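*Asks:* next one to model:
(chains A and B)
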Protein chains: 2
Amino acid sequence: MQMPASPIRKLVPFSDEAKKKGIHVYHLNIGQPDIETPSNALDAIRHLDMKVIEYSHSAGILSYRKKLCEYYKRNGINVTPDEMIITTGGSEAILFAMMTCLNPGDELIIPEPFYANYNGFSISSGIEVKPINSVIENGFALPSMNDFEAAITPRTKGIMICNPNNPTGYLYSKEELESLREIVLKHDLFLFADEVYREFVYGGKQHFSVMNLKGIEQNTILLDSISKRYSMCGARIGVIISKNKEVMSTAMKFAQARLSPPTFGQIAGEAAVDTPESYIEEVLKEYIERRNTVVNAINQMPGAFCPNPGGAFYAVARLPIDDSDKFCQWLLEQFSYNQQTVMLAPATGFYSTKGRGTNEVRISYVLNVNDLKNAMQCLAEALKVYPGRTV
Amino acid sequence: MQMPASPIRKLVPFSDEAKKKGIHVYHLNIGQPDIETPSNALDAIRHLDMKVIEYSHSAGILSYRKKLCEYYKRNGINVTPDEMIITTGGSEAILFAMMTCLNPGDELIIPEPFYANYNGFSISSGIEVKPINSVIENGFALPSMNDFEAAITPRTKGIMICNPNNPTGYLYSKEELESLREIVLKHDLFLFADEVYREFVYGGKQHFSVMNLKGIEQNTILLDSISKRYSMCGARIGVIISKNKEVMSTAMKFAQARLSPPTFGQIAGEAAVDTPESYIEEVLKEYIERRNTVVNAINQMPGAFCPNPGGAFYAVARLPIDDSDKFCQWLLEQFSYNQQTVMLAPATGFYSTKGRGTNEVRISYVLNVNDLKNAMQCLAEALKVYPGRTV
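*Replies:* As a prediction, this is how the structure comes out:
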């Protein structure tokens, strides 16, 4: 089976080479936060009280699912343990959702740019991603309903969004979600929502979950993960949630085929639900400063533009460059400034329409403010000398 | 996408009902050993020294892969860290192998009965399983080369074996593997070998790995897991190994799409490689006694037959019954003896040919000898009164 290379990982060999030359590489290519995992989650692992590390229930440890209901309730989402299956990361939740709700050849509409691995999972499950364009000029807002209507065919089975968005950081408004509700109802589609960045919302805005869209409860599938929320990407614990019993019963067969999600990660995840609110508040304060550092710096670079994202910890910037793949590789292979350079993700990998994203990059602002300042200075200097610059 | 229910899990609701009635259920349906996880593996988790639970390398933590090379070397298998990708359980190794080496519609030959989840993963990856028959009369030895030849079509891309076998417990001999080598060479096929029960070999026999079949190094894919070896099913750590660089490079793209295998499980797995030999020796001694308990008991039941398996901790028995699905459900729903009953896996789920396995069950001898004796007594009593008995 043909699988595209990951846009956030394919440049790793070049960054390894740069490091061998003694160059410090600022990794803004991947959504791996430097934030510490909550100590309560780590302590649960350290106090492990088990003699046999058994398979858990295929849907996940019941006490963890019950605990998760508390988390969702605090976030205004009412779900029961039966309405969730714990997955191996958000990745598996996405894969289960696709395999459960679509047949090979069926179509899934996704506003692009979108999280690159949606492509990988669509290939694995044999489904067709139908991208519709969101544009940098309005900060990557939801495309118009006309664009959705134009993309719908008899094979269209669902719409997928990521909110707040990876890679754009865009936070969909309640109004945008209400219009999605209309189109989902009209064409009887599934609505898949990846809400793994739910907590990462800035500027006093509120996150609105698809689980609270009235009248489409049977159409809605929530995909979630503890990776970003608690800086526990390596735990590999996510969840797929739906009130549609048929969907959950089919998803359960996929869950049983792979036996169970990781036990250790579930133990850490259960403890993490009790993480004090102050943890997230601190993290948010930090991210707002990081976002501002990056966005302000880029908007001061001649010919560059970066919308100010309302959530997540990503931004997509337009740069005065000929080709973002070439540029990102050049940054690692040929450029350094004070023995430092920066690793970015070419935005081309987040588009499924060929030719889009060639002058855009995704920036993960997952480093401390000082490192981000240095990284932005590198980028500014790089844009002055890059042979393929367009200004 | 249509997914079959897991034959080892689909009866769970009936066993839950039996338990509610106060009936003790002996679980011989699932390969969940009761053996304690080695303390060195658990201690590594308890002494966790990490502040951020980051994604690991998509191929797995390098120090773990290096350590695994030691394990394989002790077992006479020479591999390097570059030739392995750590997976989320053996399950993901199987899925990656299928998706990497076959296209949708391609055919994979597997002697049946086979591990039921191969079916699930073949559906997920869109490939066709072509079963060829192994039979209980010779203990489920490898089918003849004529049978393999007869099953090969232009779409055949590989052969999959599990050695020692789940569900039959059969240990393939070096000679059988050499004949597989011939057919793999002749038709240029992939040879996939699931060797997760490598250590579980009885009666002085030796396990022979496909990695040591000469001249087919580019065709061979090893699928492995720490789940059974160290009684760590819940850690969800497996590995896919091949000397074929193109295979590994494609598999790596699937690995990158799901980001990384679980970090905690890898830490436990790395420590587990140093488990003293005495641990496995003790476990083997225990399993031999368990196997003998089950096999001897079944062969004393009128009309029943159970070959004596050379490995793993499963046996497939032929029972004097009309329909193994009905029988296994009846055991949970209608039968009890001294307030006890037994949960078995109907063998039908391990066959892909309809109608096969209807008078066979798989027994996992994963309980202590005393429990197994009680379970076998239940089974003997059940066979006396089961309405669909055939003797």
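
*Asks:* only C-alpha atoms from now on, for both contacts and neighbour counts.
*Replies:* OK.

*Asks:* from chain B, how far off is the residue nearest the centre of chain A?
*Replies:* With distances taken as CA atoms, centre = their mean, A:N166 lies nearest the centre of chain A, 4.2 Å away. According to CA to the nearest CA, to the nearest Å, A:N166 and chain B sit 15 Å apart.

*Asks:* give the buried residues for stretch A:169-186.
*Replies:* By 16 or more other CA atoms under 10 Å in any protein chain shown, the buried positions in stretch A:169-186 come out as A:169-174, A:177, A:180-181, A:183-184.

*Asks:* could I get the residues you listed as CSV with secondary structure?
*Replies:* CSV is the format used below for the buried residues of stretch A:169-186 (DSSP: H, G, I helix; E, B strand; the rest coil):
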residue, secondary structure
A:G169, coil
A:Y170, coil
A:L171, coil
A:Y172, coil
A:S173, coil
A:K174, helix
A:L177, helix
A:L180, helix
A:R181, helix
A:I183, helix
A:V184, helix
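
*Asks:* show me what from the stretch 51-200 of chain A comes close to chain B.
*Replies:* The stretch 51-200 of chain A comes close to chain B at residues A:51-56, A:91-92, A:99-104, A:117, A:120-121, A:124-126, as judged by CA under 8 Å from any CA of the partner chain.

*Asks:* ChimeraX command for the buried members of these?
*Replies:* Selecting only the buried entries of these in ChimeraX, with 16+ other CA under 10 Å as the criterion:
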select /A:52,53,54,55,56,91,92,99,100,101,102,103,104,117,120,121,124,125,126
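
*Asks:* which of the residues of the stretch 51-200 of chain A next to chain B fall in helices?
*Replies:* When those are checked against helices (DSSP state H), the matches are A:91-92, A:99-101, A:117, A:120-121, A:124-125.

*Asks:* find the nearest non-adjacent residue to the residue nearest to the centre of chain A, please.
*Replies:* Using CA to CA, 6 or more residues apart in numbering or on different chains and skipping residues adjacent in sequence, the residue nearest A:N166 is A:Y115, 5.6 Å away.

*Asks:* A:A116 too?
*Replies:* Using CA to CA, 6+ apart, the nearest residue to A:A116 is A:F350, at 4.8 Å.

*Asks:* residues touching that neighbour, list them.
*Replies:* When contacts are counted by CA atoms under 8 Å, 6 or more residues apart in numbering or on different chains, A:F350 touches A:7, A:112-116, A:167, A:357.

*Asks:* turn the buried residues of stretch A:169-186 into JSON lines, columns for pLDDT.
*Replies:* Formatted as JSON lines, the buried residues of stretch A:169-186 follow (pLDDT from 0 to 100):
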{"residue": "A:G169", "pLDDT": "97"}
{"residue": "A:Y170", "pLDDT": "98"}
{"residue": "A:L171", "pLDDT": "98"}
{"residue": "A:Y172", "pLDDT": "98"}
{"residue": "A:S173", "pLDDT": "97"}
{"residue": "A:K174", "pLDDT": "97"}
{"residue": "A:L177", "pLDDT": "98"}
{"residue": "A:L180", "pLDDT": "97"}
{"residue": "A:R181", "pLDDT": "98"}
{"residue": "A:I183", "pLDDT": "98"}
{"residue": "A:V184", "pLDDT": "98"}
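
*Asks:* out of those residues, who's nearest A:E286?
*Replies:* Nearest to A:E286 out of those is A:G169 (CA to CA; 15.8 Å).

*Asks:* A:K228 versus that closest one, what's the distance?
*Replies:* With distances taken as CA to CA, to the nearest Å, A:G169 is found 14 Å from A:K228.

*Asks:* neighbour-wise, which of the contacts of A:F350 leads?
*Replies:* A:P113 (28 neighbours; other CA atoms under 10 Å in any protein chain shown).

*Asks:* pretty sure that one sits against A:Y351.
*Replies:* Yes. Applying CA atoms under 8 Å, one finds A:P113 in contact with A:Y351, separated by 4.7 Å.

*Asks:* between those two, what contacts are shared?
*Replies:* Common contacts of A:P113 and A:Y351, defined by CA under 8 Å, 6+ apart, comprise A:G357.

*Asks:* where does the stretch 201-350 of chain A get nearest to chain B, residue-wise?
*Replies:* Across the stretch 201-350 of chain A, no residue is closer to chain B than A:G234, which sits at 4.2 Å (CA to the nearest CA).

*Asks:* check contacts around that residue.
*Replies:* By CA under 8 Å, 6+ apart, A:G234 lies in contact with A:227, B:53-56, B:260-264.

*Asks:* what confidence value was assigned to the closest residue to it other than its chain neighbours?
*Replies:* Closest residue to A:G234 apart from its sequence neighbours, by CA to CA, 6+ apart: B:Y55 at 4.2 Å. B:Y55 is assigned 94 on the pLDDT scale.

*Asks:* doesn't A:E270 belong to a strand?
*Replies:* No. Read with three-state DSSP, A:E270 is helix and lies in no strand.

*Asks:* gap between the closest residue to it other than its chain neighbours and chain B?
*Replies:* Closest residue to A:E270 apart from its sequence neighbours, by CA to CA, 6+ apart: A:Y64 at 5.0 Å. For A:Y64, the distance to chain B (CA to the nearest CA) stands at 15 Å.
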